[in-house]
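J.: return a 3D structure for these sequence lines:
(one chain, ligands or ions: 1)
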Amino acid sequence: MTRVFNFSPGPATLPEPVLRKAAQEMLDWHGSGMSVMEMSHRGKQFISIYDEAQALARELLAVPANYKVLFMQGGAIGENAIVPMNLIGKTGKADYVLTGDWSQRSFKEAQTFGTINIAATGEGDKFRSIPKQSTWKLDPQASYVHICSNETIGGVEYHWTPDTGSVPLVADMSSNLMSRPLDVSKYGLIYAGAQKNMGPSGLTIVIVRDDLLGHALPITPSAFNYQLQAEADSMFNTPPTYAIYIAGLVFNHIKAQGGLAAMQVHNEAKAAVLYDFLDESKFFYNSVAREDRSLMNVPFKLKDESLDEAFLQGAADKGMIQLKGHRISGGMRASIYNAMPIEGVKALVAYMKDFEVRHG
Ligand code: PMP
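T.: Numbers count the residues shown, from 1 in each chain. The predicted structure follows:
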């Protein structure tokens, strides 16, 4: 068996020891005689799996006691509607900061539910940088301020936390939650699909401050009402049980490696290998402002786009896949989440150097 280096933006590569453990436990979890997939979500075996995943998520992220961690379904695109339905009721208004494709999608979806103001946009700079907070026009009457902490397509990431005063800060952290330590207390709500750094798709993690519960618009479907989910320990409906189990294994693996501080060191080292090469290359380039470059998703282009196909084919021949950029942006993109080993990034850079010599 040979595993590829999978640079997919998500669903993404998972730690091999996690996959091995899941394979080992597939038919009979801990002597229960069942697969986790076959368990009742209300049975004691699954409740123990759920409780462990919850406890590890809280421990890794140092989640304060006045926040709930919900394990929901619907993905981050679902949350684009679920967030305003639950939070906008206070004043009917919300502020959105646009930094690329994902925050633009959040902004568009929210418009159904209230008055949505663009507090800042990076569009003038073609979304190659994050607008400085000094340029943001925040409305003190907004129910919340929404950001996307890492734009998976454009490759810009916040390396600072906005200060929104008493207005709750809401962040789509789909592509960087669990990649580094986080001060949860600076946010009112954080949401993320699991399929980048945490597990398979199907599980959406929502971390919400207690005082933001209980303001849902009457149209909110019950399964997407944070308060009802919080009261039911995320079991108002059947939660994505197998995805929660895998996320628990991933959290254990992260903890064993030294937690989120260790993930940050590992992710910075990997990103440096790739960006240092891109900055020196006369053949490949990345256009994002240095201080806003993502540690997770590194978009890059070949100066001669006619070589794109040859580049991708040569990479695939060497077992490096999913490097084609998003259809919106073209070019290439290497997604290098927690589970991508540094060997994968070094192999990619070695291939890029060789490609440059052969075609330069
Ligand atoms: N937001 C961000 C930042 C993402 O990267 C993605 C997925 N690539 C989404 C939202 C959408 O996630 P989903 O398709 O799971 O709803």
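
J.: residues from this protein in reach of the ligand?
T.: Proximity of the chain to the ligand (C-beta under 6 Å from any ligand atom) is limited to residues 9-10, 75-77, 102, 148, 152, 172, 174-175, 193, 201. The way it works is simple: take the backbone N, C-alpha and C, and place the C-beta from them, glycine included.

J.: now, which of these lie within strands?
T.: Mapping those onto strands (DSSP state E) picks out C148, D172, G193.

J.: closest to the ligand out of those?
T.: Closest approach to the ligand among these (C-beta to the nearest ligand atom): G193, at 3.6 Å.

J.: residue contacts, the closest one?
T.: Residues in contact with G193 (C-beta atoms under 8 Å, 6 or more residues apart in numbering) are G10, G75, A76, S174, S201, L203, T204.

J.: and the nearest residue to D308 once chain neighbours are set aside, how many residues sit next to it?
T.: Of all residues not flanking D308 in the chain, L302 sits nearest, at 6.0 Å (C-beta to C-beta, 6 or more residues apart in numbering). Residues lying near L302 (other C-beta atoms under 10 Å) number 20.

J.: wouldn't L302 be in contact with S281 here?
T.: No - using C-beta atoms under 8 Å, L302 is not in contact with S281, being 9.6 Å away.

J.: what sits against I336?
T.: Counting by C-beta under 8 Å, 6+ apart, I336 touches F7, N267, K270, A271, L274, L295, M296, N297, V298, G344, V345.

J.: number of residues surrounding D163?
T.: D163 has 12 neighbouring residues, counting by other C-beta under 10 Å.

J.: give me the number of residues near the closest residue in space to it that isn't next to it in sequence?
T.: Counting by C-beta to C-beta, 6+ apart, D163 lies nearest to Q133, which is 6.8 Å off, once chain neighbours are set aside. Residues lying near Q133 (other C-beta under 10 Å) number 15.

J.: correct me, but Q133 touches P162?
T.: Yes - using C-beta under 8 Å, Q133 is in contact with P162, at 5.6 Å.

J.: what's the local residue count around T99?
T.: A count of nearby residues for T99, using other C-beta under 10 Å, gives 28.

J.: can you tell me how far it sits from the ligand?
T.: Per C-beta to the nearest ligand atom, to the nearest Å, T99 is found 10 Å from the ligand.

J.: in helices, which of the contacts of I336 fall?
T.: Members of the contacts of I336 lying in helices (criterion: DSSP state H): N267, K270, A271, L274, G344, V345.

J.: distance of the residue nearest to M26 when sequence neighbours are not counted relative to the ligand?
T.: Once flanking residues are discounted, M26 sits nearest to S35: 5.7 Å by C-beta to C-beta, 6+ apart. S35 is 24 Å from the ligand, where distance means C-beta to the nearest ligand atom.

J.: burial of S35, as a residue count?
T.: By other C-beta under 10 Å, the residues close to S35 number 15.

J.: cool, A57 as well?
T.: Neighbour count of A57, defined by other C-beta under 10 Å: 21.

J.: got the contact list for it?
T.: Per C-beta under 8 Å, 6+ apart, neighbours of A57: V63, V69, I205, A247, F251.

J.: check whether it sits in a helix, strand or coil.
T.: Assigned state for A57: helix (three-state reduction, DSSP: H, G, I helix; E, B strand; the rest coil).

J.: tell me the pLDDT of it.
T.: Listed pLDDT for A57 reads 98.

J.: check L70 too.
T.: 98.

J.: isn't it up against N225?
T.: No - counting by C-beta under 8 Å, L70 does not reach N225; the two are 10.5 Å apart.

J.: if we can go back for a sec, which of the contacts of A57 fall in helices?
T.: Counting by DSSP H, the part of the contacts of A57 found in helices is A247, F251.

J.: what's the closest of the contacts of A57 to the ligand?
T.: Nearest to the ligand among the contacts of A57: I205, at 11.4 Å, using C-beta to the nearest ligand atom.

J.: ok, the closest one - contacts?
T.: By C-beta under 8 Å, 6+ apart, the contact set of I205 is A57, V69, L70, F71, M72, L177, I190, Y191, A192, A194, M198, A247.

J.: just the buried residues out of these, in ChimeraX syntax.
T.: Per 16 or more other C-beta atoms under 10 Å, the buried members of those correspond to this ChimeraX selection:
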select :57,69,70,71,72,177,190,191,192,194,198,247
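
J.: tell me which of the contacts of I205 is nearest to W29?
T.: Distance to W29 across these (C-beta to C-beta) is lowest for A247, with 15.3 Å.

J.: mind listing the helices for the stretch 251-360 of the chain?
T.: Along the stretch 251-360 of the chain, the stretches classed as helices by DSSP state H, counting those that start in this stretch are 259-280, 308-317, 342-359.

J.: what would these look like in a markdown table with mean neighbour count and mean pLDDT?
T.: Formatted as a markdown table, these follow (neighbours: other C-beta atoms under 10 Å; pLDDT from 0 to 100):
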| stretch | mean neighbour count | mean pLDDT |
| --- | --- | --- |
| helix 259-280 | 17 | 98 |
| helix 308-317 | 15 | 98 |
| helix 342-359 | 16 | 97 |
